[in-house]
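[1] from the sequence below, what's the structure:
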Amino acid sequence: MNPLFLLFLLGLTTYFIVRGVSSVSRTPTWLLWLVAMMPASIWIGWTLANDKKTPPFYLIFIPLVVCLTLYFFLIQWGRIPTSEASSSANRELGASLSEEGELPKEQASLRPIDQSEERYLQACFPWSIYYLQNLEYRPQAVICRGHLKSQPEVAYQTIRANVEEKFGDRFLVVFQEGVNGKPFFALVTNPHAKGTQSGQSTFNRPVIALSLLAATFFTACLAWLQIGGSSSGAGNFGQGFPISIIQGIPYAIALLTILGVHELAHYLAARRHHIRTTLPYFIPVLPLPWFPFGTFGAFIQIRSPIPNRRALFDVGISGPLVGFAVALPLLIWGLAHSTLVALPATSEFLNFQAFDPKFSLLLTILSKITLGGTLTADTALKMHPVAVASSLGLIVTAFNLMPVGQLDGGHIVHAMLGQRMGAIVGQIARLFLLVLSYWQRYLLLWAIILFLMPAMDEPALNDVTELDNRRDLWGVVSLALLLLIILPAPKFLTTLLNM
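    Below you'll find the model as predicted:
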């Protein structure tokens with residue numbers, strides 16, 4: 001990949017990530033972006049100046065540690081106080097409600113309910129369900145603190161029903177665990193009250209979704225001009241172009257199927273839990289030598305709060321598991337129809353003309369099972385288009401399963417362990433990936449992106465009720481799948497398999 005284009009792509013991605021931090025910190029976005037981009041700029045500058053593939057380890061490690069430390073310091077230096085952040089947007093309020101502390105006196109008069117309505121609110125909390133002790137007022141919320149006297153699910157359903165009976169749809173009822181470990185309720189102003197959900201249809205436009213699908217199918221077929229190499233006539237628009245388009249059809253169908261069912265599973269899981277969401281939209285991109293894959297993937301946007309941790313878990317895990325279930329048989333079929341070539345002296349990541357599967361434990365095992373003794377330590381794979389698409393599908397699945405912030409894996413660990421413990425797991429995962437990138441250099445870009453993302457996921461409305469054992473088990477399976485994909489095959493295994 002061209003280093004300058006890589007720097008541009010990373011800079012664009014970093015900007016959108018850093019821009020999201022503006023909701024919690026007054027530090028200028030341009031300054032955060034500059035600090036975040038400094039390590040990559042140093043590495044690429046050194047590479048261009050010295051005509052070498054990778055800079056030395058000290059030049060990778062020192063700028064990364066210094067700039068990431070400075071990045072988090074700048075965020076904390078300009079962090080917006082909880083009371084101010086809560087008044088900026090309701091979706092940001094939920095993440096800040098669990099911060100204990102005194103409310104400034106000038107804010108105390110900004111009450112979403114008046115004194116006459118306090119009596120109705122207090123009546124919503126039966127003492128045998130949740131013993132209410134005190135109320136704290138925020139500009140767009142009422143914090144209700146007390147002692148939980150029943151099961152969390154019973155308490156939430158009872159109090160939510162009481163609040164809706166007294167106040168209608170005026171408030172969203174949030175149930176969170178505070179820093180002291182005690183659950184508390186919060187009534188947050190509902191932005192969708194009184195029929196404001198009429199705008200939902202503007203986000204569900206089948207014509208646009210189908211048009212993007214068609215455009216992405218074309219750009220994915222066109223991508224085989226780059227991915228297919230010389231055998232496809234890459235760059236020869238007289239003869240190679242139509243041949244490559246035809247040869248790229250299996251790649252495009254397989255890739256769009258994997259990405260499509262991933263997002264469709266998210267969509268159906270959200271609808272099952274009555275969560276408003278957009279249709280899945282693909283992102284087409286013309287293939288370039290530096291990014292030849294033909295698409296940036298697909299996405300949906302959730303347009304209403306997540307009701308509970310079970311819904312958060314189901315929406316988060318559905319996409320990766322269904323996508324993997326589709327990618328796995330396609331990958332096995334594609335590997336079986338791939339051809340063996342000599343292993344080059346220097347293997348490159350995602351070189352599908354001479355692909356070395358040992359970068360992934362799962363790909364190593366599947367390749368050996370599929371090809372048997374013909375795959376040896378001196379051979380690589382010239383991959384079939386379906387195998388290329390399936391491998392990319394596994395990479396997308398692995399990235400989404402990283403247990404950090406708004407990624408699918410972040411939703412999963414949040415639902416399993418709670419919001420705060422999920423954030424701790426996310427921090428550990430980012431450090432683990434950074435260490436692993438010393439041996440797997442292609443993971444360094446992932447590690448940088450994950451460090452720039454917020455580690456804490458947004459809470460569900462009922463963020464206290466825990467998952468059942470079945471969902472916990474599936475969560476462990478998903479994290480095990482992540483390790484199988486990103487961990488390289490250990491030396492003893494490759495020796496045992498003669499690879």
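[2] can you give me the strands in the stretch 301-450 of the chain?
    Using DSSP state E, counting those that start in this stretch, the strands assigned to the stretch 301-450 of the chain run over residues 339-342, 379-382.
[3] how does this structure divide into domains?
    Using automatic domain parsing, the domain parsing of the chain gives 3-77, 98-193, 202-496.
[4] weakest of those domains by average pLDDT?
    Lowest mean pLDDT within the domains of the chain: domain 3-77, a mean of 75.
[5] can you give me how far it is from the chain middle?
    Relative to its parent chain, domain 3-77 has a centroid offset of 20 Å by Cα atoms, centre = their mean, to the nearest Å.
[6] also stretch 119-128?
    Centroid displacement of stretch 119-128 relative to its chain, using Cα atoms, centre = their mean, is 39 Å.
[7] over to stretch 305-313?
    With Cα atoms, centre = their mean as the basis, the mean position of stretch 305-313 lies at 16 Å from the chain mean.
[8] ditto for stretch 455-470
    Remark: stretch 455-470 is offset 16 Å from the chain centroid, using Cα atoms, centre = their mean.
[9] same thing with stretch 63-78?
    The mean C-alpha position of stretch 63-78 is separated from the chain mean by 22 Å, Cα atoms, centre = their mean.
[10] which of the residues in it are buried?
    For stretch 63-78, a neighbour-count test (16 or more other Cβ atoms under 10 Å) marks 63-64, 67-68, 70-71, 74-75, 78 as buried. Using the backbone N, CA and C atoms, a C-beta is placed for each residue, glycine as well.
[11] inside helices: which ones of the residues you listed?
    The helices, defined by DSSP state H, take in 63-64, 67-68, 70-71, 74-75 from those.
[12] and those residues as a markdown table, adding distance to L487?
    Output for those, formatted as a markdown table (distance: Cβ to Cβ, whole Å):
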| residue | distance to L487 |
| --- | --- |
| P63 | 26 |
| L64 | 21 |
| C67 | 27 |
| L68 | 23 |
| L70 | 31 |
| Y71 | 28 |
| L74 | 33 |
| I75 | 31 |
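[13] and the two most separated of those residues?
    Within these, P63 and I75 form the most distant pair, 18.4 Å apart (Cβ to Cβ).
[14] how far away is the nearest residue to P305 once chain neighbours are set aside from E263?
    Leaving aside its chain neighbours, P305 sits nearest to L461 (5.2 Å; criterion: Cβ to Cβ, 6 or more residues apart in numbering). From L461 across to E263, the span is 24 Å (Cβ to Cβ, to the nearest Å).
[15] now A40
    A40 sits 29 Å away from E263, taking Cβ to Cβ as the criterion.
[16] ok, N134 next?
    Separation of N134 from E263 (Cβ to Cβ): 44 Å.
[17] quick revisit: between the buried residues of stretch 63-78, which is closest to W224?
    The closest of the buried residues of stretch 63-78, once distances to W224 are taken by Cβ to Cβ, is L64, at 35.5 Å.
[18] surely that closest one touches P39?
    Yes: using Cβ atoms under 8 Å, L64 makes contact with P39 at a distance of 4.8 Å.
[19] quick check: neighbours shared by those two?
    Here L64 and P39 have I448 as joint contacts, going by Cβ atoms under 8 Å, 6 or more residues apart in numbering.
[20] okay, which residue is most central for the chain?
    Nearest to the geometric centre of the chain sits L407, at 1.9 Å (Cα atoms, centre = their mean).
[21] OK, contacts around that one?
    Applying Cβ under 8 Å, 6+ apart, we find L407 in contact with 399-401, 453.
[22] around the closest residue to P292 other than its chain neighbours, how many other residues sit close by?
    Closest residue to P292 apart from its sequence neighbours, by Cβ to Cβ, 6+ apart: Q226 at 3.3 Å. If you count neighbours by other Cβ atoms under 10 Å, Q226 ends up with 20.
[23] tell me the SS of Q226?
    Here Q226 is recorded as helix under DSSP: H, G, I helix; E, B strand; the rest coil.
[24] and N462, how many neighbours?
    Residues near N462, counting by other Cβ under 10 Å: 25.
[25] shouldn't M453 be in contact with P403?
    No: contact criterion Cβ under 8 Å: M453 and P403 do not qualify, at 11.6 Å.
[26] if I've got this straight, V173 is in a strand?
    Yes: remark: V173 belongs to a strand, assigned using three-state DSSP.
[27] for W77, give me its contacts.
    W77 touches 25, 27, counting by Cβ under 8 Å, 6+ apart.
[28] would you mind measuring from it to M38?
    17 Å.
[29] hang on, the earlier thing: please identify the most buried of the domains of the chain.
    domain 202-496 (a mean of 19; mean count of other Cβ atoms under 10 Å).
[30] could you pick out the longest helix of the protein?
    Longest helix in the chain, counting residues (DSSP H): helix 240-272.
[31] which helices and strands does that helix pack with?
    Packed against helix 240-272 by the contact rule (3 or more Cβ pairs under 8 Å, 6 or more residues apart in numbering; DSSP states H and E) you find helix 206-227, strand 281-284, strand 295-299, helix 309-336, helix 385-400.
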